[in-house]
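1. Sequence plus the predicted model coming up.
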There are 2 protein chains.
Amino acid sequence: MKNIHLGIAGFGTVGTGLAKIIEKNADWIEKRIDKKLIIDKILVQNKSKERSFLPSNNPFITDNYKELINDEQIDIIVELMGGKDLAYTLVKEALAAGKHVVTANKYLLAVHGKELFALASTHNVGLFYEASVAGGIPVIKTLRESLTGDKIEHICGILNGTANYILSEMTANGIDFKKALEQAQDLGYAESDPTFDIEGIDTAHKLIVLIRLAFGVDYPLEELPIYGISQITKQDIHFAQELGYTIKLLAHVAETDGKLEAGVFPVLMPSHLLLAKTDSNYNAISITGNAAGAITLHGQGAGDFPTGSAVLADILELAKHMHTQTQPDNTGFNNSPLQDAQMLAPEFATSAYYFRFTVKDKPGVMASLSTCLAKHNISIAQAVQKGKPQDIETPIVFTTHTASTKDIFTALEDIDKHDFILKPTVAYRIF
Amino acid sequence: MKNIHLGIAGFGTVGTGLAKIIEKNADWIEKRIDKKLIIDKILVQNKSKERSFLPSNNPFITDNYKELINDEQIDIIVELMGGKDLAYTLVKEALAAGKHVVTANKYLLAVHGKELFALASTHNVGLFYEASVAGGIPVIKTLRESLTGDKIEHICGILNGTANYILSEMTANGIDFKKALEQAQDLGYAESDPTFDIEGIDTAHKLIVLIRLAFGVDYPLEELPIYGISQITKQDIHFAQELGYTIKLLAHVAETDGKLEAGVFPVLMPSHLLLAKTDSNYNAISITGNAAGAITLHGQGAGDFPTGSAVLADILELAKHMHTQTQPDNTGFNNSPLQDAQMLAPEFATSAYYFRFTVKDKPGVMASLSTCLAKHNISIAQAVQKGKPQDIETPIVFTTHTASTKDIFTALEDIDKHDFILKPTVAYRIF
């Protein structure tokens, strides 16, 4: 039987991890697919860079992506460069050349997924992406092939290990955001420009990929409400804990009457939930189907070997599929064209909320706040005031029952006009 | 396109659940596979039994299994009868007749799996079984298709919801085994004869299925050490909690130097682990691969809809696969013949242990116990003695560091000969 020839584009952490696993588990892989995996070519940015590891079969190293596209021998192109510029060109040309593609690139799929999946269909090839969300956790396969008879009602996930590490450290050790971010950078969890991780953007890319799989639709990234964690204070973490909650950065989508309500935001999550117990740089996803109920998946969401493991699983599946001469089902809907998502306007979303008001303590403040919330149909669940008489600023925390986001935001606008409000009010959803 | 015709064998909880989901999600299913699912025939034990639900297309109800086998129209036979007598005959004949089979029957696969998978290969058909382990949790697919490039190092799982419910209730409410079992029976979680659930036998069947998928080998059920939970006392639950552990019934397999060490036993598990937090009738499985690290899956392990959801996922996958005219990969190893497992003899297994000695309190007892353990190379991690002077029987609890099972059991044999030992010593593994 013909062996499987790979072209790997990008040889950083994940590319190197993948190549190492392919060597280490070579006998096992052959047992699985009855063929060998051969890394023929590796695309790099800088050919002269010293590398601590290269495959022992001495693949051709190139900085010209056309070398991979035009190589007739190569069956699968593995895109591990990231970004959406060269990666986009490479994947598009690879699909058009009739090559299967495996990618870990959520950014690319979030922005250009609709076009790329259509192109894969046209050329009858696979475009696989298990590694694009939650590293080694098989969430893509679970949605594409396991919960296929279920209507998905709800997905929520902790999909960014860096952000989760920062929040976990803030929670466990009472440190502030800045210090926790520095720790994450020291450990190599966060990049020198951590914007994508801490501002929810990476999580948003992943959510777009999950929405496509769960609902068979294309959700435009630019319509997704995205909030990050850089504004979270020690104080909020502390109040949340006192109320029985843990703060997590959550990707969330729910379907109601054919409309999707989705977003990325920090939430207060009851601390006993499995998701709330997802610590350090781990990822977890909970998927609720109308038959299966809630299924939670937990594991390493990033790193050379976990992500490499997911890339390799895709390669092996494509290898097994190749002899059928049919297109693998890339999206879980028989590769039928993706429809655009029907979206619930964000103001119609409902949630319970956590508010932290920063007030000048004087008689009548609590009454003013309560009255204003009541006027906007918001009912209070819990209230905590912890100021001392000498304080200039006093924090008052309210949790609410479920209310519409519209009411929440108009109420906050009203409240923040009062002269006793010293700083803009902080509001987070309660999960 | 041709629709998919089903024969359902067994119309109890899961069969009825499946039929309900097929009706409820009919539009969605058609979107997934571009075909309709039609339930043509249903095999039942008692044709005249009143049923609260039957599919609206009025399928033919029969008590003769040959009606399903000999029906040329039927593409997939769904075996939901359980047991290993008629189910075995039905599945064997169905495969031999060139029909795909979907089954939820772990008992059948544990006992006759090797033969049935070989038969499926011979006849080029699918034999799918996602519902056989952990209900709606996609563990079969995860092992068969997601962790394929990983060498699996370790699997442990809480695979029986009834046993887990009983242990959870004993832990949460301080009730004894008998009372918790009665509660489980009242709620319909346990059958009137609960032997398979509480003695670890059902868990053992599931473990055999998982071992086959993870390691590509056939592990003989009769060689598997199997222990249940009916001997667990309130006292042990209490001591475990005091030491920071939760008692769970665990299926476990680990690979070392090509040999498998496997078994089903109650263990003391550190209470902070996700598996230890699997409450009530939920299931959870943790799989450790040499690249992916540890992945944990959690969800409903039984029930009409969760199990029906898993059966339906298998049906849809077979439906999508049919047009390729190739055999689906039933075992994850290209349907190559199953080898027999290389097993580590149980006495060579190593583990930390929990001992509860029931002693007559007199001077020198603690010294005797410690000396005897030391003689057998067992070192003590923690010791708890809580007797009052007036007690006739005093419990002494030791936890040990890792020791060989052989040393553990010869030490216990020695110890239980002492006249100050009033009852056989209780020993559980610590995870």
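-> Right, received. Where do you want to start? Residues are numbered from 1 along each chain as shown, chains lettered A, B, ... in the order given.
2. Below-threshold pLDDT in chain A: ranges please.
-> Under the criterion of pLDDT under 70, the regions of chain A flagged as low confidence span A:1.
3. quick check: domain ranges of it?
-> As assigned by automatic domain parsing, chain A contains the domains A:4-138+A:304-339, A:145-299, A:348-430.
4. For B:M322, which of these is the nearest?
-> In this view, the domains of chain A are compared for proximity to B:M322 by Cβ to Cβ, and domain A:4-138+A:304-339 is the closest at 10.8 Å. Yep, even glycine has a C-beta here, placed from its N, CA and C like the rest.
5. Can you give me the end-to-end span of the closest one?
-> The straight-line separation of the ends of domain A:4-138+A:304-339 (Cα to Cα, to the nearest Å) is 34 Å.
6. about what we covered before: can you lay out the domains of chain A as JSON lines showing mean neighbour count and distance to B:P266?
-> Output for the domains of chain A, formatted as JSON lines (neighbours: other Cβ atoms under 10 Å in any protein chain shown; distance: least, Cβ to Cβ, whole Å):
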{"stretch": "domain A:4-138+A:304-339", "mean neighbour count": "20", "distance to B:P266": "29"}
{"stretch": "domain A:145-299", "mean neighbour count": "21", "distance to B:P266": "22"}
{"stretch": "domain A:348-430", "mean neighbour count": "16", "distance to B:P266": "38"}
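7. Export those domains as JSON lines, with columns for distance to chain B.
-> Output for those, formatted as JSON lines (distance: least, Cβ to the nearest Cβ, whole Å):
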{"stretch": "domain A:4-138+A:304-339", "distance to chain B": "3"}
{"stretch": "domain A:145-299", "distance to chain B": "3"}
{"stretch": "domain A:348-430", "distance to chain B": "21"}
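8. The most far-flung residue of chain A relative to its centre in helix, strand or coil?
-> Computed with Cα atoms, centre = their mean, the residue of chain A farthest from its C-alpha average is A:P363, at 45.3 Å. When the structure is reduced to helix, strand and coil (DSSP: H, G, I helix; E, B strand; the rest coil), A:P363 reads as coil.
9. could you list every residue that touches it?
-> Contacts were defined as Cβ atoms under 8 Å, 6 or more residues apart in numbering or on different chains; by that measure A:P363 touches no other residue.
10. re the thing from before, and B:G289, which of the domains of chain A is closest to it?
-> Checking these against B:G289 by Cβ to Cβ gives domain A:4-138+A:304-339 as the closest, at 6.2 Å.
11. Centre of the chain to that closest one, how far?
-> 20 Å (Cα atoms, centre = their mean, to the nearest Å).
12. which residue sits closest to A:K406 in space, ignoring its chain neighbours?
-> Excluding its sequence neighbours, the residue lying closest to A:K406 (Cβ to Cβ, 6 or more residues apart in numbering or on different chains) is A:E347, at 3.9 Å.
13. So that neighbour sits against A:T405, correct?
-> Yes: under the criterion of Cβ atoms under 8 Å, A:E347 makes contact with A:T405 at 5.4 Å.
14. that older thread, how about the domains of chain A, which one is nearest B:S368?
-> Of all these, domain A:145-299 comes closest under Cβ to Cβ, at 42.4 Å.
15. so how far is the closest one off the chain centroid?
-> On Cα atoms, centre = their mean, the centre of domain A:145-299 falls 7 Å from the chain's centre.
16. ends of it, how far apart?
-> Using Cα to Cα, the gap from the first to the last residue of domain A:145-299 comes to 19 Å.
17. And for stretch A:182-193?
-> For stretch A:182-193, the first-to-last residue distance is 11 Å (Cα to Cα).
18. Same check on stretch A:221-237?
-> With Cα to Cα as the measure, stretch A:221-237 spans 29 Å from end to end.
19. now for the host helix or strand of A:I8, which elements pack on it?
-> In this structure, A:I8 sits in strand A:4-9 according to DSSP states H and E. Based on contacts counted as 3 or more Cβ pairs under 8 Å, 6 or more residues apart in numbering or on different chains; DSSP states H and E, the elements that strand A:4-9 packs against are helix A:13-24, strand A:37-43, helix A:66-69, strand A:76-79, helix A:304-321.
20. So what touches that strand?
-> Contacts with strand A:4-9, where a contact means Cβ under 8 Å, 6+ apart, come from A:15, A:18-19, A:33, A:35-43, A:59, A:65, A:67-68, A:71, A:73-81, A:87, A:90, A:315, A:319, A:322.
21. if you set the cut-off to 7 Å instead, what comes out?
-> Contacts with strand A:4-9, where a contact means Cβ atoms under 7 Å, 6 or more residues apart in numbering or on different chains, come from A:15, A:18, A:35, A:37-43, A:65, A:68, A:71, A:73-81, A:90, A:315, A:319.
22. before we move on, what about stretch A:326-336?
-> Stretch A:326-336 is touched from outside by A:117, A:120-121, A:124-128, A:143-145, A:148, A:212-213, A:216, A:318, A:321, A:338, B:31-34, B:320, B:323-324, with contacts defined as Cβ under 7 Å, 6+ apart.
23. isn't there a strand covering A:A262?
-> Yes: when classified by three-state DSSP, A:A262 is found to be part of a strand.
24. could you check the distance from it over to A:G161?
-> For A:A262, the distance to A:G161 equals 21 Å [Cβ to Cβ, to the nearest Å].
25. A:P337 now?
-> 34 Å.
26. Give me the three-state assignment for A:A87.
-> Under the three-state scheme (three-state DSSP), A:A87 adopts helix.
27. which element is the residue nearest to A:S192 when sequence neighbours are not counted on?
-> Using Cβ to Cβ, 6+ apart and skipping residues adjacent in sequence, the residue nearest A:S192 is A:Q185, 7.0 Å away. Secondary structure assigned from DSSP H and E places A:Q185 in helix A:177-186.
28. How about A:A427?
-> Following DSSP H and E, the helix or strand that holds A:A427 is strand A:421-430.
29. With A:V384 instead?
-> Here A:V384, judged by DSSP H and E, is contained in strand A:380-385.
30. what packs against the helix or strand following that strand?
-> Taking DSSP H and E as the definition, the helix or strand that follows strand A:380-385 towards the C-terminus is strand A:394-400. For strand A:394-400, the contact count by 3 or more Cβ pairs under 7 Å, 6 or more residues apart in numbering or on different chains; DSSP states H and E identifies strand A:350-359, strand A:380-385 as packing neighbours.
31. Which one, of the ones you listed, ends up nearest to B:L249?
-> Once Cβ to Cβ is applied to the helices and strands packed on strand A:394-400, the stretch that comes out nearest is strand A:350-359, at 36.7 Å.
32. Check which helices and strands that closest one sits against.
-> In this structure, strand A:350-359 packs against strand A:394-400, strand A:403-404, helix A:405-415, strand A:421-430, with contacts taken as 3+ Cβ pairs under 7 Å, 6+ apart.
33. Name every strand pairing with that strand and say which way it goes.
-> Paired with strand A:350-359 in the same sheet, following DSSP bridges, are strand A:394-400 (antiparallel), strand A:403-404 (antiparallel), strand A:421-430 (antiparallel).
34. Other residues contacting it?
-> With Cβ under 7 Å, 6+ apart as the test, strand A:350-359 has contacts from A:236, A:239, A:268, A:365, A:369, A:381, A:393-405, A:408, A:420-423, A:425-430.
35. The strand holding A:I8 vs strand A:37-43, what angle?
-> In terms of direction (axes from the mean of the first three to the mean of the last three Cα atoms, to 10 degrees), strand A:4-9 departs from strand A:37-43 by 30 degrees.
36. partners of strand A:4-9, with directions?
-> Listed by DSSP bridges, the sheet partners of strand A:4-9 and their directions read strand A:37-43 (parallel), strand A:76-79 (parallel).
37. Pairing partners for the next helix or strand after the longest one, with directions?
-> Heading C-terminal from strand A:37-43, the first helix or strand you meet, by DSSP H and E, is strand A:60-62. Strand pairing for strand A:60-62, determined by DSSP bridges: strand A:37-43 (parallel).
38. what's the strand it pairs with in contact with?
-> Contacting residues not belonging to strand A:37-43 are listed as A:3-11, A:19, A:22, A:29, A:55, A:57, A:59-63, A:65, A:67-68, A:71, A:73-74, A:315 [Cβ under 7 Å, 6+ apart].
39. Much appreciated, bye for now.
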